[in-house]
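Peer 1: Model the following, please.
(one chain, ligands or ions: 4)
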Amino acid sequence: MRPLVLLFLALSAVAAMADAPSRADGAFPGVNGKIAFWSNRDGNSEVYVMDADGTNLTNLTNNADADFAPAWSPDGTKIAFTTGRDGGEEVYVMDADGQNPTNLTNNPGSNFAPAWSPDGAQIAFTASRDGNQEVYVMDADGQNPTNLTNDPADDSSPVWSPDGAKIAYHTFRDGIFDVYVMDADGQNPTNLTNQTALSLTPAWSPDGAKIAFAAARFAETEVYVMDADGSNLTNLTNNPASDFAPAWSPDGAKIIFNSTRGGNRDIYVMDADGQNPTNITNSTALDTSPDWQPLPVEAPAETPAPAETPAAPAATATVVALPSTGSESSDVRRSTPWLAVGLAVAGVIALASAVWYSRRRWAR
Ligand SMILES: [Ca+2]
Ligand SMILES: [Ca+2]
Ligand SMILES: [Ca+2]
Ligand SMILES: [Ca+2]
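Peer 2: Ligands and ions are numbered 1, 2, ... in the order given. The predicted structure follows:
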(Lines give C-alpha, C1' and ligand atoms only; values in the text may rest on other atoms or scores of the structure.)
(Ligands and ions follow the chains in the order given, each with its own letter.)
Protein backbone atom coordinates (compact mmCIF):
# COMPACT_ATOMS: atom_id res chain seq x y z
CA MET A 1 0.00 0.00 0.00
CA ARG A 2 1.06 3.56 -0.50
CA PRO A 3 2.38 5.48 2.46
CA LEU A 4 -0.66 7.76 2.59
CA VAL A 5 -3.01 4.80 2.66
CA LEU A 6 -0.98 3.25 5.43
CA LEU A 7 -1.00 6.53 7.27
CA PHE A 8 -4.76 6.76 7.02
CA LEU A 9 -5.27 3.21 8.22
CA ALA A 10 -2.88 3.66 11.06
CA LEU A 11 -4.44 6.90 12.18
CA SER A 12 -7.88 5.36 11.93
CA ALA A 13 -6.87 2.51 14.19
CA VAL A 14 -5.30 4.88 16.65
CA ALA A 15 -8.34 7.15 16.60
CA ALA A 16 -10.67 4.21 17.15
CA MET A 17 -8.90 3.26 20.34
CA ALA A 18 -7.91 6.70 21.34
CA ASP A 19 -10.98 8.79 21.55
CA ALA A 20 -12.11 6.89 24.57
CA PRO A 21 -10.28 6.92 27.80
CA SER A 22 -9.74 3.26 28.19
CA ARG A 23 -7.77 2.72 31.27
CA ALA A 24 -8.61 -0.39 33.17
CA ASP A 25 -7.06 -1.29 36.44
CA GLY A 26 -5.68 -4.35 38.08
CA ALA A 27 -7.63 -7.20 39.50
CA PHE A 28 -6.76 -8.23 42.99
CA PRO A 29 -7.65 -11.73 44.13
CA GLY A 30 -11.05 -12.05 45.74
CA VAL A 31 -14.73 -12.55 45.12
CA ASN A 32 -16.15 -10.77 42.09
CA GLY A 33 -17.94 -7.58 43.12
CA LYS A 34 -19.23 -4.68 41.05
CA ILE A 35 -17.77 -3.26 37.87
CA ALA A 36 -16.68 0.38 37.81
CA PHE A 37 -16.29 2.19 34.50
CA TRP A 38 -16.88 5.62 33.06
CA SER A 39 -19.45 6.79 30.58
CA ASN A 40 -20.62 10.05 29.01
CA ARG A 41 -24.24 8.89 28.92
CA ASP A 42 -25.34 11.76 31.16
CA GLY A 43 -23.63 14.46 29.14
CA ASN A 44 -20.14 14.41 30.58
CA SER A 45 -17.91 11.66 31.78
CA GLU A 46 -18.88 10.15 35.12
CA VAL A 47 -17.68 7.13 37.06
CA TYR A 48 -20.40 4.50 37.37
CA VAL A 49 -20.70 1.16 39.05
CA MET A 50 -22.94 -1.70 38.00
CA ASP A 51 -23.42 -5.35 38.79
CA ALA A 52 -21.44 -7.76 36.64
CA ASP A 53 -24.52 -8.43 34.50
CA GLY A 54 -24.93 -4.72 33.75
CA THR A 55 -27.82 -4.09 36.15
CA ASN A 56 -28.08 -1.63 39.06
CA LEU A 57 -26.21 1.16 37.35
CA THR A 58 -25.22 4.00 39.69
CA ASN A 59 -23.50 7.33 38.94
CA LEU A 60 -20.89 7.86 41.65
CA THR A 61 -19.45 11.22 40.65
CA ASN A 62 -22.31 13.49 39.44
CA ASN A 63 -19.91 16.25 38.58
CA ALA A 64 -20.04 18.67 35.64
CA ASP A 65 -16.38 18.05 34.83
CA ALA A 66 -14.67 14.96 33.49
CA ASP A 67 -14.43 11.98 35.83
CA PHE A 68 -12.82 8.82 34.54
CA ALA A 69 -10.36 5.95 35.00
CA PRO A 70 -11.81 4.29 38.13
CA ALA A 71 -9.57 1.84 40.01
CA TRP A 72 -10.85 -0.29 42.88
CA SER A 73 -8.76 -0.54 46.00
CA PRO A 74 -7.59 -4.09 46.85
CA ASP A 75 -10.22 -4.39 49.61
CA GLY A 76 -12.98 -3.05 47.39
CA THR A 77 -13.89 -0.19 49.74
CA LYS A 78 -12.49 2.74 47.74
CA ILE A 79 -12.14 3.90 44.17
CA ALA A 80 -9.27 6.02 42.88
CA PHE A 81 -10.08 7.95 39.71
CA THR A 82 -9.06 10.94 37.63
CA THR A 83 -11.03 14.16 37.49
CA GLY A 84 -10.85 17.58 35.88
CA ARG A 85 -13.00 19.25 38.53
CA ASP A 86 -10.13 21.34 39.85
CA GLY A 87 -9.12 22.65 36.46
CA GLY A 88 -6.29 20.27 35.69
CA GLU A 89 -6.21 16.53 35.98
CA GLU A 90 -5.91 15.18 39.47
CA VAL A 91 -6.01 11.74 41.01
CA TYR A 92 -8.83 11.53 43.53
CA VAL A 93 -10.03 8.81 45.83
CA MET A 94 -13.62 8.28 46.98
CA ASP A 95 -15.54 5.70 48.97
CA ALA A 96 -17.15 2.86 47.03
CA ASP A 97 -20.49 4.71 47.21
CA GLY A 98 -19.02 7.94 45.82
CA GLN A 99 -18.75 9.75 49.16
CA ASN A 100 -15.75 11.73 50.40
CA PRO A 101 -13.96 12.55 47.14
CA THR A 102 -10.44 13.69 48.02
CA ASN A 103 -7.72 15.18 45.86
CA LEU A 104 -4.53 13.15 46.29
CA THR A 105 -2.21 14.85 43.83
CA ASN A 106 -2.83 18.62 44.01
CA ASN A 107 -0.31 19.28 41.28
CA PRO A 108 -0.54 21.71 38.35
CA GLY A 109 0.70 19.01 35.98
CA SER A 110 -1.52 16.33 34.53
CA ASN A 111 -2.06 13.44 36.96
CA PHE A 112 -4.04 10.39 35.94
CA ALA A 113 -4.33 6.62 35.60
CA PRO A 114 -4.21 5.57 39.28
CA ALA A 115 -3.51 1.97 40.27
CA TRP A 116 -3.36 0.60 43.82
CA SER A 117 -0.64 -1.48 45.35
CA PRO A 118 -1.90 -4.89 46.55
CA ASP A 119 -1.55 -3.86 50.22
CA GLY A 120 -3.52 -0.66 49.59
CA ALA A 121 -0.72 1.48 51.02
CA GLN A 122 0.36 3.11 47.76
CA ILE A 123 -1.06 4.31 44.47
CA ALA A 124 0.86 4.38 41.21
CA PHE A 125 -0.22 6.90 38.60
CA THR A 126 0.95 8.78 35.55
CA ALA A 127 2.04 12.40 35.75
CA SER A 128 3.17 14.91 33.16
CA ARG A 129 5.11 17.25 35.37
CA ASP A 130 8.38 17.60 33.50
CA GLY A 131 7.37 17.62 29.88
CA ASN A 132 6.68 13.94 29.37
CA GLN A 133 4.70 11.22 31.09
CA GLU A 134 6.25 9.34 33.97
CA VAL A 135 4.99 6.60 36.25
CA TYR A 136 4.88 7.88 39.81
CA VAL A 137 4.04 6.20 43.05
CA MET A 138 2.66 7.93 46.14
CA ASP A 139 1.33 6.91 49.51
CA ALA A 140 -2.41 6.23 49.47
CA ASP A 141 -2.96 9.60 51.18
CA GLY A 142 -1.07 11.41 48.41
CA GLN A 143 2.19 11.90 50.28
CA ASN A 144 5.67 11.24 48.93
CA PRO A 145 5.12 11.22 45.16
CA THR A 146 8.14 9.61 43.53
CA ASN A 147 9.07 9.37 39.85
CA LEU A 148 9.84 5.72 39.06
CA THR A 149 10.55 5.90 35.34
CA ASN A 150 12.67 9.01 34.71
CA ASP A 151 12.80 8.49 30.96
CA PRO A 152 12.34 11.16 28.28
CA ALA A 153 9.76 8.98 26.51
CA ASP A 154 6.16 8.72 27.68
CA ASP A 155 5.59 6.11 30.39
CA SER A 156 2.04 5.44 31.56
CA SER A 157 -0.71 3.02 32.57
CA PRO A 158 0.99 1.46 35.60
CA VAL A 159 -0.39 -1.63 37.29
CA TRP A 160 0.99 -3.55 40.22
CA SER A 161 1.62 -7.27 40.18
CA PRO A 162 -0.59 -9.07 42.72
CA ASP A 163 2.45 -9.92 44.85
CA GLY A 164 3.46 -6.24 44.94
CA ALA A 165 6.97 -6.84 43.61
CA LYS A 166 6.53 -5.44 40.11
CA ILE A 167 4.78 -2.69 38.19
CA ALA A 168 3.80 -3.12 34.55
CA TYR A 169 3.21 -0.10 32.32
CA HIS A 170 3.45 0.93 28.72
CA THR A 171 6.19 3.12 27.33
CA PHE A 172 7.26 4.71 24.09
CA ARG A 173 10.98 4.51 24.85
CA ASP A 174 11.72 2.04 22.05
CA GLY A 175 9.95 4.12 19.39
CA ILE A 176 6.66 2.31 19.70
CA PHE A 177 4.45 1.54 22.65
CA ASP A 178 5.53 -1.62 24.42
CA VAL A 179 4.43 -3.24 27.65
CA TYR A 180 7.26 -3.07 30.16
CA VAL A 181 7.66 -4.35 33.66
CA MET A 182 9.91 -2.95 36.37
CA ASP A 183 10.59 -3.62 40.01
CA ALA A 184 8.21 -1.69 42.28
CA ASP A 185 11.06 0.74 43.03
CA GLY A 186 11.58 1.46 39.33
CA GLN A 187 14.64 -0.72 38.81
CA ASN A 188 15.17 -3.23 36.01
CA PRO A 189 12.75 -2.02 33.34
CA THR A 190 12.17 -4.89 30.90
CA ASN A 191 10.35 -4.96 27.57
CA LEU A 192 7.80 -7.80 27.56
CA THR A 193 6.30 -7.32 24.13
CA ASN A 194 8.98 -6.24 21.64
CA GLN A 195 6.35 -6.08 18.95
CA THR A 196 5.78 -4.17 15.77
CA ALA A 197 2.25 -3.53 17.02
CA LEU A 198 1.41 -0.92 19.62
CA SER A 199 1.18 -2.75 22.93
CA LEU A 200 -0.76 -0.92 25.59
CA THR A 201 -2.53 -0.97 28.94
CA PRO A 202 -1.27 -4.11 30.67
CA ALA A 203 -3.58 -5.92 33.10
CA TRP A 204 -2.21 -8.51 35.51
CA SER A 205 -4.27 -11.60 36.27
CA PRO A 206 -5.17 -11.96 39.96
CA ASP A 207 -2.90 -15.02 40.33
CA GLY A 208 -0.01 -13.07 38.82
CA ALA A 209 0.64 -15.63 36.11
CA LYS A 210 -0.61 -13.72 33.09
CA ILE A 211 -0.87 -10.24 31.66
CA ALA A 212 -3.61 -9.11 29.31
CA PHE A 213 -3.09 -6.02 27.16
CA ALA A 214 -4.27 -4.36 23.96
CA ALA A 215 -2.33 -4.54 20.72
CA ALA A 216 -3.04 -2.34 17.70
CA ARG A 217 -1.93 -3.09 14.18
CA PHE A 218 -3.26 -0.58 11.69
CA ALA A 219 -7.03 -1.00 11.57
CA GLU A 220 -7.07 -3.91 13.98
CA THR A 221 -7.00 -3.82 17.74
CA GLU A 222 -7.21 -6.94 19.86
CA VAL A 223 -7.02 -8.00 23.47
CA TYR A 224 -4.08 -10.34 23.96
CA VAL A 225 -2.91 -12.35 26.91
CA MET A 226 0.63 -13.52 27.60
CA ASP A 227 2.45 -15.19 30.41
CA ALA A 228 3.89 -12.70 32.87
CA ASP A 229 7.35 -13.16 31.31
CA GLY A 230 6.06 -12.19 27.86
CA SER A 231 5.78 -15.71 26.44
CA ASN A 232 2.76 -17.54 25.00
CA LEU A 233 1.11 -14.58 23.35
CA THR A 234 -2.53 -15.32 22.50
CA ASN A 235 -5.18 -13.24 20.73
CA LEU A 236 -8.37 -13.45 22.80
CA THR A 237 -10.73 -11.34 20.70
CA ASN A 238 -10.10 -11.96 16.97
CA ASN A 239 -12.74 -9.48 15.99
CA PRO A 240 -12.54 -6.83 13.24
CA ALA A 241 -13.74 -4.14 15.66
CA SER A 242 -11.47 -2.45 18.18
CA ASP A 243 -11.03 -4.49 21.35
CA PHE A 244 -8.94 -2.99 24.14
CA ALA A 245 -8.60 -1.99 27.81
CA PRO A 246 -8.75 -5.44 29.40
CA ALA A 247 -9.12 -6.05 33.13
CA TRP A 248 -9.53 -9.34 35.00
CA SER A 249 -12.24 -10.45 37.35
CA PRO A 250 -10.97 -10.99 40.91
CA ASP A 251 -11.59 -14.75 40.59
CA GLY A 252 -9.52 -14.81 37.39
CA ALA A 253 -12.25 -16.52 35.38
CA LYS A 254 -13.34 -13.53 33.30
CA ILE A 255 -11.87 -10.57 31.47
CA ILE A 256 -13.77 -7.33 30.97
CA PHE A 257 -12.75 -5.16 28.06
CA ASN A 258 -13.87 -2.45 25.69
CA SER A 259 -15.11 -3.19 22.19
CA THR A 260 -16.63 -1.23 19.33
CA ARG A 261 -18.16 -4.35 17.77
CA GLY A 262 -21.66 -3.14 18.61
CA GLY A 263 -21.12 0.14 16.78
CA ASN A 264 -19.87 2.20 19.70
CA ARG A 265 -17.78 1.66 22.80
CA ASP A 266 -19.32 -0.81 25.18
CA ILE A 267 -17.99 -2.94 27.99
CA TYR A 268 -17.92 -6.65 27.36
CA VAL A 269 -17.28 -9.61 29.59
CA MET A 270 -15.67 -12.78 28.23
CA ASP A 271 -14.26 -15.95 29.68
CA ALA A 272 -10.53 -15.65 30.36
CA ASP A 273 -9.88 -17.81 27.28
CA GLY A 274 -11.81 -15.38 25.05
CA GLN A 275 -15.05 -17.35 24.82
CA ASN A 276 -18.57 -15.97 25.26
CA PRO A 277 -18.06 -12.22 24.87
CA THR A 278 -21.15 -10.43 26.18
CA ASN A 279 -22.07 -6.75 25.99
CA ILE A 280 -23.03 -5.56 29.48
CA THR A 281 -23.50 -1.82 28.83
CA ASN A 282 -25.61 -1.80 25.65
CA SER A 283 -25.70 1.98 25.56
CA THR A 284 -25.17 4.23 22.57
CA ALA A 285 -22.99 6.42 24.79
CA LEU A 286 -19.29 5.94 25.27
CA ASP A 287 -18.72 3.31 27.97
CA THR A 288 -15.15 2.42 28.82
CA SER A 289 -12.34 1.79 31.30
CA PRO A 290 -13.82 -1.10 33.28
CA ASP A 291 -12.37 -2.31 36.56
CA TRP A 292 -13.75 -5.17 38.65
CA GLN A 293 -14.26 -4.77 42.39
CA PRO A 294 -12.47 -7.34 44.55
CA LEU A 295 -14.38 -8.43 47.65
CA PRO A 296 -12.85 -10.33 50.55
CA VAL A 297 -13.03 -14.08 50.35
CA GLU A 298 -15.34 -15.19 53.13
CA ALA A 299 -13.61 -16.90 55.99
CA PRO A 300 -14.25 -20.62 55.94
CA ALA A 301 -16.82 -20.84 58.75
CA GLU A 302 -15.78 -23.72 60.93
CA THR A 303 -15.10 -25.98 58.04
CA PRO A 304 -13.91 -29.30 59.40
CA ALA A 305 -12.45 -30.80 56.25
CA PRO A 306 -9.28 -29.43 54.62
CA ALA A 307 -10.75 -30.32 51.24
CA GLU A 308 -10.97 -26.85 49.74
CA THR A 309 -7.55 -25.41 50.36
CA PRO A 310 -5.22 -26.48 47.56
CA ALA A 311 -5.90 -23.94 44.82
CA ALA A 312 -4.63 -20.57 45.98
CA PRO A 313 -0.99 -21.09 46.99
CA ALA A 314 0.11 -22.57 43.67
CA ALA A 315 -0.49 -19.40 41.70
CA THR A 316 1.39 -17.20 44.12
CA ALA A 317 4.43 -19.42 43.97
CA THR A 318 4.43 -19.18 40.20
CA VAL A 319 4.54 -15.42 40.33
CA VAL A 320 7.58 -15.25 42.51
CA ALA A 321 9.52 -17.47 40.17
CA LEU A 322 8.90 -15.31 37.12
CA PRO A 323 11.68 -13.07 35.91
CA SER A 324 9.44 -10.15 35.22
CA THR A 325 5.90 -9.10 34.93
CA GLY A 326 3.45 -6.33 34.36
CA SER A 327 0.08 -5.39 35.46
CA GLU A 328 -2.70 -3.60 34.00
CA SER A 329 -4.33 -0.44 33.23
CA SER A 330 -5.26 1.74 30.42
CA ASP A 331 -6.44 5.12 29.66
CA VAL A 332 -6.83 7.28 26.77
CA ARG A 333 -8.59 10.42 25.99
CA ARG A 334 -8.96 13.55 23.93
CA SER A 335 -9.27 12.91 20.32
CA THR A 336 -9.88 15.27 17.52
CA PRO A 337 -7.06 17.78 17.60
CA TRP A 338 -4.29 15.27 17.31
CA LEU A 339 -5.94 13.42 14.46
CA ALA A 340 -6.10 16.67 12.52
CA VAL A 341 -2.50 17.39 13.22
CA GLY A 342 -1.54 13.88 12.26
CA LEU A 343 -3.25 14.16 8.90
CA ALA A 344 -1.55 17.49 8.32
CA VAL A 345 1.82 15.83 8.43
CA ALA A 346 0.78 13.13 6.01
CA GLY A 347 4.19 13.12 4.43
CA VAL A 348 5.52 11.33 7.46
CA ILE A 349 5.57 7.58 7.15
CA ALA A 350 2.46 5.88 8.34
CA LEU A 351 3.44 4.01 11.42
CA ALA A 352 5.53 6.80 12.84
CA SER A 353 2.66 9.22 12.45
CA ALA A 354 0.21 6.90 14.06
CA VAL A 355 2.41 6.34 17.00
CA TRP A 356 3.05 10.00 17.41
CA TYR A 357 -0.62 10.75 17.28
CA SER A 358 -1.38 8.21 19.91
CA ARG A 359 0.97 9.50 22.55
CA ARG A 360 -1.62 11.68 24.18
CA ARG A 361 -4.24 9.05 24.17
CA TRP A 362 -2.67 5.96 25.41
CA ALA A 363 -0.73 7.72 27.96
CA ARG A 364 -3.40 7.23 30.42
CA1 LIG B 1 -18.47 14.29 35.59
CA1 LIG C 1 8.89 9.37 30.81
CA1 LIG D 1 -10.42 -6.58 17.20
CA1 LIG E 1 -21.82 2.25 24.60
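Peer 1: Which parts of the protein belong to which domain?
Peer 2: Each structural domain of the chain that the record assigns through automatic domain parsing is listed here as a residue range: 3-295, 301-364.
Peer 1: quick one: contacts for Ala215?
Peer 2: For Ala215, the contacting residues are 193, 195, 197-200, 221-222, 224, by C-beta atoms under 8 Å, 6 or more residues apart in numbering. Where you see a C-beta, it was placed from the backbone N, CA and C, and this is true even at glycine.
Peer 1: Repeat the analysis, applying 6 Å as the threshold.
Peer 2: 197, 199, 222, 224 (C-beta atoms under 6 Å, 6 or more residues apart in numbering).
Peer 1: Ranking by neighbours, what's the top pick from those?
Peer 2: Of all the contacts of Ala215, the most densely surrounded is Ser199 (27 neighbours; neighbours counted as other C-beta atoms under 10 Å).
Peer 1: pretty sure that residue contacts Val181?
Peer 2: No: under the criterion of C-beta atoms under 6 Å, Ser199 is not in contact with Val181, lying 12.0 Å apart.
Peer 1: and stretch 191-201, what's its mean pLDDT?
Peer 2: Looking at stretch 191-201 alone, the average pLDDT works out to 92.
Peer 1: near ligand 3, anything from it?
Peer 2: No: shown here: stretch 191-201 not in contact with ligand 3 (C-beta under 5 Å from the ion), separated by at least 11.7 Å.
Peer 1: List the buried residues for that stretch?
Peer 2: 191-193, 195, 197-201 (16 or more other C-beta atoms under 10 Å).
Peer 1: Can you get me the start-to-end distance on that stretch?
Peer 2: Taking C-alpha to C-alpha, to the nearest Å, the span from the opening residue of stretch 191-201 to its closing residue is 14 Å.
Peer 1: Which residues of the protein lie near ligand 4?
Peer 2: Counting by C-beta under 5 Å from the ion, the positions of the chain adjacent to ligand 4 are 264, 266, 283, 287.
Peer 1: quick one: which of those residues is most hemmed in?
Peer 2: Asp287 leads the residues of the chain next to ligand 4 on contacts (other C-beta under 10 Å) with 26 neighbours.
Peer 1: what about the closest residue to it other than its chain neighbours, is that helix, strand or coil?
Peer 2: For Asp287, ignoring the flanking residues on the chain, the nearest one in space by C-beta to C-beta, 6 or more residues apart in numbering is Thr281 at 4.0 Å. Taking DSSP: H, G, I helix; E, B strand; the rest coil as the rule, one finds Thr281 in the coil state.
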